Structures are given as C-alpha cells and as structure tokens.
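Visitor: Quick one: sequence and predicted model below, then my questions.
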Amino acid sequence: MECKHKHCCKHKKHHCKKKRCCKGPQGPQGSTGAQGPAGGAQGPQGAQGPLGNTGFQGITGVQGPQGAAGGAQGPQGPAGAQGNAGAQGAAGSGGGGLIPFSSGVMVPADVTSTSPIVIGFGNRRVIAAPGLAGPPATTSDLMATQYAFSIPATGTLQDLQVSVDAHFVANTAQTTLTYTFTLYRSASTNASPGPDLLNAYVTTGLAATATFPSTTITTFPTGAYLTASGHAIGPAAVTLADRVVLYIVSNQATTPPALDEIAFSACVTYT
C-alpha cells in the first residue's frame with residue numbers, strides 16, 4: 001500500500017500519523033541469486049623495462065707497509081770442549097797388498113840342492129852357482145833381479161804361504177823330498193843419484209818348506225798328482241825400492257825319481 005502522504009515518508013523528521021501511510025511489513029528475504037560471471041580476461045603483461053647500468057668496481061687500496069722484523073739474532077754460543085779420543089780400533093786381519101809368485105810347469109831335475117831356482121809370476125830360472133850367496137853381487141844376483149818385485153813403500157812382509165804340485169810316477173819309490181822357499185831382498189839404492197854398484201841379494205829370514213813324504217811303489221795310484229804346502233809368519237822389514245825374489249832349493253842333489261812334472265806357487269802379504 002502506498003502512502004498517501006508521500007511527503008511524510010520522504011521527510012523523516014515528520015511522522016505520519018496514520019500507520020497506513022507507510023509500506024506494509026517486509027516480506028521474507030529472497031534466495032541469493034547466482035554469482036555473475038568472472039570479470040574480463042587478464043590483460044597482457046607489460047614490457048620489461050631496460051636494465052640499469054652495472055656500477056664500476058672500486059679501485060684496490062694500496063698495500064700497507066710490512067711490519068718490522070723481529071729482534072736481531074743473538075750471538076752464537078762458544079764451541080764446546082773437544083771430547084776425549086776414542087779407543088784405538090782392533091788391528092786388521094792381515095790387510096795390505098799381496099805379492100804372488102808362480103813358476104809354471106817344469107821338470108823336477110831343474111831344482112836340486114845344487115841348482116836352485118828363482119821364480120817370478122808365471123816363470124822361473126835356474127841360477128848360477130853358488131846361488132844367492134853375496135855380497136858382493138855376482139851373476140846370480142843379476143839373474144835373480146829378472147824375477148824380482150820392487151817394493152813401492154817401506155813396510156813389512158809376512159805370512160809366506162807356499163805350495164808344490166807334482167805328478168807321481170807309478171810304481172816308483174822315493175825318499176822324503178823337501179823344497180825350501182826363502183825370500184831374498186836387494187837393498188834400495190834410491191838414496192844415491194847413482195849409478196851404484198848392484199846390491200847383492202840377502203835373505204830376509206822369511207822362509208817356509210813343503211815336503212813330500214817317502215813313498216813305496218804302491219803309495220799312490222797310477223797317474224796321481226800330489227800337492228804339498230807350507231807357511232811362515234815372519235815378519236821381514238823392507239824399504240822403498242827394495243827388490244824381493246823368491247828362491248827355491250831342494251834337499252836332494254839328484255832328480256827325484258818318483259816325480260816327472262812339478263810346479264811351484266807362493267804368496268806373501270805386504271803391509
């Protein structure tokens with residue numbers, strides 16, 4: 001119902017005296033209408049603005065000065081006192097050089113009590129009578145020099161080792177056969193400007209023997225080889241430029257019957 005006094009409703013400060021001049025009671029709320037469609041499509045993305053310029057890298061700062069070095073090195077302490085000398089080492093077991101001798105193969109008839117020989121290294125010689133019996137020097141001394149060894153420094157000869165190898169003749173008896181090896185020396189003449197008289201060879205006292213015992217006709221088998229050896233300790237002093245030679249002589253004046261081939265060898269240490 002519409003109000004007959006419209007001005008009454010339009011102007012709230014006035015009240016309508018008749019209740020009927022206003023609208024009737026409000027009806028129930030209607031149901032919610034369906035949601036309208038979503039808004040329009042999303043607009044396109046705007047273009048990206050230009051990148052800003054990269055700033056310049058700052059300049060590296062100047063390196064600071066190096067700190068001062070540590071304190072000065074202190075003075076070196078005094079050297080300690082020298083320690084006591086150690087005990088002397090044990091003596092060596094026969095060190096030094098060696099002087100070797102060998103005769104080569106020879107016949108036993110060349111070595112008897114009246115025909116001694118001298119040997120060098122790989123050779124030998126029967127020397128003239130009376131052998132090395134000077135002084136004064138004789139032809140025998142000159143012959144011995146051909147098979148001598150010269151001493152390079154003052155020293156000592158010792159430990160003379162000798163041996164004899166021989167071929168035994170079968171079915172032949174023989175008495176005891178001994179060979180004596182003696183070192184002889186001719187003294188140095190280096191103290192003189194020379195020329196000088198040849199110094200005769202004299203024994204050093206260093207000598208060794210090698211012995212074959214007596215045999216019967218059945219002692220050894222046919223064609224056997226025999227060996228005998230000996231040793232002398234010494235010592236014997238020698239001087240720079242001395243010459244030494246090994247002198248060999250037999251105890252028999254005749255050819256040993258049971259032997260047909262023989263060879264001698266020896267060695268002496270030199271320190």
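Guide: That came in fine, so what should we check first?
Visitor: Just give the closest residue to Asp196, not the sequence neighbours.
Guide: Leaving aside its chain neighbours, Asp196 sits nearest to Thr189 (4.4 Å; criterion: C-beta to C-beta, 6 or more residues apart in numbering). All C-beta spots, glycine's among them, are computed from the backbone N, C-alpha and C.
Visitor: show me where pLDDT drops low in the stretch 101-250 of the chain?
Guide: Applying pLDDT under 70 to the stretch 101-250 of the chain flags residues 191-192.
Visitor: please redo it, this time with the cut-off set to 50
Guide: Residue ranges of the stretch 101-250 of the chain with pLDDT under 50: none are present.
Visitor: and the one helix or strand Gly205 maps to, what other elements does it pack with?
Guide: Gly205 belongs to strand 201-212 when assigned by DSSP states H and E. Using 3 or more C-beta pairs under 8 Å, 6 or more residues apart in numbering; DSSP states H and E, the elements in contact with strand 201-212 are helix 139-145, strand 155-168, strand 177-186, strand 225-232, strand 236-238, strand 243-250, strand 259-270.
Visitor: Now do the same for Ala69: its pLDDT.
Guide: On the pLDDT scale, Ala69 is placed at 61.
Visitor: still on that earlier bit, and the residue nearest to Asp196, how many neighbours does it have?
Guide: Neighbour count for Thr189, taken as other C-beta atoms under 10 Å: 15.
Visitor: contacting residues for it?
Guide: Going by C-beta atoms under 8 Å, 6 or more residues apart in numbering, Thr189 touches Asp196, Asn199, Ala241.
Visitor: and which of these is nearest to Pro136?
Guide: Of all those, Asn199 has the smallest distance to Pro136: 9.3 Å, by C-beta to C-beta.
Visitor: tell me the SS of that closest one?
Guide: What DSSP: H, G, I helix; E, B strand; the rest coil gives for Asn199 is coil.
Visitor: pretty sure it contacts Asn190?
Guide: No - if you go by C-beta atoms under 8 Å, Asn199 and Asn190 don't touch, sitting 11.3 Å apart.
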